[in-house]
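Participant: Any chance you can model this:
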Amino acid sequence: MRTDMAAADGIQEGNPVQAAKVIVDLAHSDQIPLRLPLGAEAVERIGTSYRANLESLQEWAEIARGTDFTDGSESSRTVRAPRQ
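Facilitator: I've put the predicted structure just below:
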């Protein structure tokens, strides 16, 4: 991986100056994402991974939910939606 990354230095598709600008702009913003992949490749790779994880979650959701107490109350912790 290090060899591959070193070989791409200077010819990578990502623009480090533009990435730094985005990071600085976000640091001064009221809206800051928890995670922000930078570059088209990162967006595609992470998106593929998220979709696969979501499919797996959905596949096993019924079994996972079946581990709750049957006579218990709803969650004692507040489940919050992600910030938009």
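
Participant: Out of the helices and strands in the protein, which is least certain?
Facilitator: When each helix and strand of the chain is scored by mean pLDDT, DSSP states H and E, helix 2-8 comes last, with a mean of 87.

Participant: How about residues contacting that one?
Facilitator: Where contact means C-beta atoms under 8 Å, 6 or more residues apart in numbering, no residue beyond helix 2-8 reaches it. Every residue, glycine included, has its C-beta placed from N, CA and C.

Participant: Give me the buried stretch members for stretch 44-62, please.
Facilitator: Across stretch 44-62, burial judged by 16 or more other C-beta atoms under 10 Å covers no residue at all.

Participant: What's the mean pLDDT across that stretch?
Facilitator: Averaged across stretch 44-62, the pLDDT comes to 97.

Participant: SS state for the residue nearest the centre of the chain?
Facilitator: Centroid-nearest residue in the chain: residue 35, 5.6 Å away (criterion: C-alpha atoms, centre = their mean). Of the three states, residue 35 takes coil under DSSP: H, G, I helix; E, B strand; the rest coil.

Participant: do the same with the one 3 residues further on
Facilitator: Secondary structure assignment for residue 38 (three-state DSSP): coil.
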